[in-house]
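**Q** I'd like to go over a predicted model; first the sequence, then the structure.
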Amino acid sequence: MSLKEHGVEKFGRLIDQNIAQASYLTDLINEHPVLELTSETCINIVCYRYNPGRKSDEELKRINTEIMLQMQEIGAAAISDTTVHGVHSLRVAINNHRTNTEDLDILIRETIRLGGAIDGNDRSGSCKSGDRC
């Protein structure tokens, strides 16, 4: 019904928008030394994790799981988790037409803030409000 009402062109533009946003998010992740992509970005799916270094995979899984849960609880982002090539990862599937780059900036800022707080190494000062984080 939606396809009939809005047309193929509009749906195509929205899909292209989500793919571009995944690319933008990938760039943000690559800009921050405490974040790492855990797999190549595939269309609208981005998998990454908070990794400040010198942590075991078990510790990183605990930290990233808590990041995901707290983001959901505070309403910052609706992300999930997955395992990619044996690495626990945060998974972002961008498919809402209302998603914008500011939402992705918030996602990264909150990942860094929450990760630092959970890890006991607060890094919130490295990503100030209004910055492209």
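**A** All right, it came through fine.
**Q** what are the boundaries of the strands in the chain?
**A** 35-37, 45-50, 80-84, 87-93 (DSSP state E).
**Q** of those strands, which approaches residue 66 most closely?
**A** strand 45-50 (9.7 Å; C-beta to C-beta). The C-beta positions use only the backbone N, C-alpha and C, and glycine is treated the same way.
**Q** report the contact partners of residue 74.
**A** residue 110 (C-beta atoms under 8 Å, 6 or more residues apart in numbering).
**Q** now it: how far from residue 34?
**A** 20 Å (C-beta to C-beta, to the nearest Å).
**Q** also residue 115?
**A** Counting by C-beta to C-beta, the gap from residue 115 to residue 34 is 7 Å.
**Q** same question for residue 61.
**A** 16 Å.
**Q** same check, this time on residue 76
**A** Distance, residue 76 to residue 34, by C-beta to C-beta: 17 Å.
**Q** ditto for residue 59
**A** 14 Å.
**Q** highest mean neighbour count out of the strands of the chain?
**A** strand 45-50 (a mean of 24; mean count of other C-beta atoms under 10 Å).
**Q** can you state the direction angle for that strand and strand 87-93?
**A** Relative orientation of strand 45-50 versus strand 87-93 (axes from the mean of the first three to the mean of the last three C-alpha atoms, to 10 degrees): 130 degrees.
**Q** quick one: contacts for residue 88?
**A** Residue 88 touches 49, 57, 60-61, 64-65, 81-82, counting by C-beta under 8 Å, 6+ apart.
**Q** show me the shaky parts of the protein.
**A** 1-6, 122-133 (pLDDT under 70).
**Q** where do the helices sit along it?
**A** 2-6, 8-31, 57-74, 101-119 (DSSP state H).
**Q** dump those helices to TSV, plus distance to residue 92.
**A** Compiled in TSV, these are given as follows (distance: least, C-beta to C-beta, whole Å):
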stretch	distance to residue 92
helix 2-6	23
helix 8-31	6
helix 57-74	10
helix 101-119	7
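**Q** identify whichever of these lies nearest to residue 95.
**A** Each of the helices of the chain has some distance to residue 95 by C-beta to C-beta; the shortest is helix 8-31, at 5.8 Å.
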